[in-house]
Structures are given as C-alpha cells and as structure tokens.
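Trainee: Okay, here's the prediction I keep looking at, along with the sequence it came from:
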Amino acid sequence: MASFGHFIRKEREQREWTQTEFGAKIGINTSAISRIENGNQKFSKSKLNKLAELFEIEEQTIKDLFFADKFAREAYKYNCSESVFSVAEETIKYIQYSNAKQT
C-alpha cells in the first residue's frame, strides 16, 4: 500500500464513486477528500468506523492501515531505520503481555 490516502482513492474508485459522492457518504467536503487522497491532509480517526462500514471492510483492517500509515510517516519524518518497525512490534507484544498479566 502506498499510503492511507491512496488506499481510500483505490477503494472509492473501485466503487465508481466521485469524490463528491464519497464525501457526502462519509461527511467530508470534496476538497478535503482530494487533499486526503493526495496525502496533504490527514483522515480523521473519528471517521474510521464509518469508512469501514462504507467500504465493507473489517474495522480492524481499516485501523491497522490507518495507524501503520501514521507510524510510517512519523518514522520517516524522524529518519528512523527500518528496524524501528521490529522494535515497535516487540513493544506491542510487551504491552499486550503486561496488560494481560494485570487482569
């Protein structure tokens, strides 16, 4: 996947929705849809559930794509090496283990 915005564009185009049609369905104006698809504006976390519903894709998949894009952009911004993703994966496992242990 190139970016979350490209994912949205691909899914929208597969459904043959214009940006205006898609914007009306999700509650975002057309110019914002264009900026999101081009990577110049971030998609709102609050609309992830609605996006999953519209695209008929599991919400977890949408969240994973959204946050993977967000994390990758931050890692790139701070010039992190690719090993940061392995470290993050281990950190997630540690957090899950710690939370499971507490309950």
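Mentor: Ah, there it is. The structure displayed is predicted, hence computed values, not measured ones.

Trainee: what about the most centrally placed residue in the chain, is that helix, strand or coil?
Mentor: The C-alpha lying nearest the average C-alpha coordinate of the chain belongs to Phe66 (C-alpha atoms, centre = their mean; 1.4 Å). Three states are possible here, and by DSSP: H, G, I helix; E, B strand; the rest coil the one that applies to Phe66 is helix.

Trainee: Neighbours of Phe7, how many?
Mentor: Using other C-beta atoms under 10 Å as the criterion, Phe7 is surrounded by 20 other residues. In this view, the C-beta of every residue, glycine as well, is placed from N, C-alpha and C.

Trainee: picking up where we left off before, mind checking how far the residue nearest to the centre of the chain is from Lys47?
Mentor: Between Phe66 and Lys47 the computed distance is 10 Å (C-beta to C-beta, to the nearest Å).

Trainee: pretty sure the residue nearest to the centre of the chain contacts Phe43?
Mentor: Yes - the criterion here is C-beta atoms under 8 Å, and Phe66 meets it with Phe43 at 6.8 Å.

Trainee: any shared contact partners between these two?
Mentor: Phe4 (C-beta atoms under 8 Å, 6 or more residues apart in numbering).

Trainee: didn't Glu58 look like it was pressed against Ala52?
Mentor: Yes - if you go by C-beta under 8 Å, Glu58 and Ala52 touch, sitting 6.6 Å apart.

Trainee: ok, for Phe85, nearest residue in space, not its chain neighbours?
Mentor: Excluding the flanking residues, the one nearest Phe85 by C-beta to C-beta, 6 or more residues apart in numbering is Ala75, at 7.4 Å.
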